[in-house]
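S.K.: Build me a structure from this.
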Amino acid sequence: MITSPAMTPNPMSRLLWICAAALIAVACEKKSTKPATPPATAADAAPAVDASPPDAPEPPDAAPAPAAGFPSLESEDSVLVLAEKAGDKVIGKREDGSNVEIADGTVTKAAEGWKGIAANHDVIDVGGKGASVSTDRLVDLLRVSPRGDYAIAIPRVGDECEEACFAEMWLLHGMTERWKVVDGTSITQVGWEPGGKEVTVTTSDGVAIVELPSAKVVKTLKGYTSPSYSPDGVLYLRGLENWHYFEYRDGKPKRIAKGKPVASDDEEGGEAHPEPIEFGPDGKPVIPKG
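M.R.: Model (predicted):
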């Protein structure tokens, strides 16, 4: 058979075809032997969004827990027996002259007396029978703090007092701790600082500021009375003689308004006394007009 030049294979062309085929084969082999990409794992995945709520902030320091509760003096003739030291016994005397021990913190009622009772003593019911007890150990008025952890106890005064009767004031922390903060006063008013840092009480000629919880009298102010605290803890006072209105800041009372004394309407001839300053919804002192 006779072939034409066009049909005769060119050695160079054959070489090129062989090289191209070899390159294609190598490329295919590399492609087939290339390791497959492993499936994504949990570690490779994008981090999940934590849908749980954030941790709550740490609560502020809680207020001190109230001390043991105070007894209730429900009726006018109820009386609390208060020993000078917590837990001690108070000695009462029966009509026949015998002694009886009364537990500190006992709440009882007044009882009918008898002749010959010692001065500044009252008769109370002890086990169904009367016993006379010194009036400075018989509390008939408790002024409990708004927080419920402290109270001012005011004992009775004897019937033998003249012109003005003077009572002690005791600061109680529950029924387990107590301090006498006023030796004697005829005016028994108490102002509690709302944050529990202090209490201000009346004295015979002014007021005493008592630090809590140390029960230390840190300041006495003569010529002032009727203590009260604003919601933000500012102490307000009244003038003992002129009944003016005062704000106590930076260790000094500052007059904020004039007052006017009024006559007493006490049938027994007791002296009139100014009322403590009250506060409006905005926390500011309410000063009556006129």
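S.K.: quick one: low-confidence ranges for this protein?
M.R.: Within the chain, the stretches falling below the threshold (pLDDT under 70) are 1-68, 158-164, 264-271, 290.
S.K.: where exactly do the helices run in the stretch 1-150 of the chain?
M.R.: Under the criterion DSSP state H, counting those that start in this stretch, the stretch 1-150 of the chain carries helices at the ranges 11-33.
S.K.: and if you look at the stretch 151-290 of the chain?
M.R.: With DSSP H, counting those that start in this stretch applied, the stretch 151-290 of the chain shows no helices anywhere along its length.
S.K.: Identify the residues contacting the residue nearest to residue 183 when sequence neighbours are not counted.
M.R.: Counting by Cβ to Cβ, 6 or more residues apart in numbering, residue 168 is the residue found nearest to residue 183 once chain neighbours are left out, at 6.3 Å. C-beta coordinates here come from the backbone N, C-alpha and C atoms, glycine included. Residues in contact with residue 168 (Cβ atoms under 8 Å, 6 or more residues apart in numbering) are 136, 154-155, 180, 182-184.
S.K.: Return the subset of those lying in strands.
M.R.: 154-155, 180, 182-184 (DSSP state E).
S.K.: farthest-separated two in these?
M.R.: Between all members of the ones in strands among the contacts of residue 168, the longest pairwise span (Cβ to Cβ) is found for 154 and 183 and amounts to 12.7 Å.
S.K.: Can you tell me how far residue 198 is from residue 170?
M.R.: Using Cβ to Cβ, to the nearest Å, we find residue 198 at a distance of 16 Å from residue 170.
S.K.: Next: residue 127.
M.R.: With distances taken as Cβ to Cβ, residue 127 is found 25 Å from residue 170.
S.K.: do the same with residue 204
M.R.: Relative to residue 170, residue 204 is positioned 16 Å away (criterion: Cβ to Cβ).
S.K.: my guess is residue 151 contacts residue 69, does it?
M.R.: No. Counting by Cβ atoms under 8 Å, residue 151 stays clear of residue 69, with 10.0 Å between them.
S.K.: who's more crowded, the two?
M.R.: residue 151 (25 against 11; other Cβ atoms under 10 Å).
S.K.: Please name the bridge partners of that one.
M.R.: For residue 151, the beta-bridge assignment (DSSP bridges) gives partners residue 144, residue 172.
S.K.: if we can go back for a sec, more neighbours: residue 204 and residue 170, which one.
M.R.: A side-by-side neighbour count of residue 204 and residue 170, using other Cβ under 10 Å, places residue 170 first with 21 against 13.
S.K.: Which residue is the nearest non-sequential neighbour of the more buried one?
M.R.: In space, and not counting its chain neighbours, residue 170 is closest to residue 153: 4.3 Å by Cβ to Cβ, 6+ apart.
S.K.: I'd guessed that neighbour sits against residue 141; true?
M.R.: Yes. The pair formed by residue 153 and residue 141 meets the contact definition of Cβ under 8 Å, at 7.4 Å.
S.K.: quick one, phi/psi of residue 71?
M.R.: phi -70, psi 150 (degrees, to the nearest 10).
S.K.: which residues touch it?
M.R.: Residues near residue 71 by Cβ under 8 Å, 6+ apart: 80, 105, 107, 142, 175.
S.K.: Distance of it relative to residue 132?
M.R.: Between residue 71 and residue 132 the computed distance is 21 Å (Cβ to Cβ).
S.K.: Please parse this structure into its domains.
M.R.: Under the assignment automatic domain parsing, the domains of the chain span 72-137, 145-290.
S.K.: sorry, back to before: top of the ones in strands among the contacts of residue 168 by number of neighbours, please.
M.R.: Greatest neighbour count in those, by other Cβ under 10 Å, goes to residue 182: 22 neighbours.
S.K.: which one is it nearest to, not counting chain neighbours?
M.R.: Leaving aside its sequence neighbours, residue 182 sits nearest to residue 169 (Cβ to Cβ, 6+ apart; 3.8 Å).
S.K.: now the residue nearest to residue 183: how far from residue 84?
M.R.: Applying Cβ to Cβ, one obtains 10 Å for the distance of residue 168 from residue 84.
S.K.: rewinding a little: right, and out of the contacts of residue 71, which lies closest to residue 278?
M.R.: The nearest one, if we look at the contacts of residue 71 relative to residue 278 and count by Cβ to Cβ, is residue 142, at 21.8 Å.
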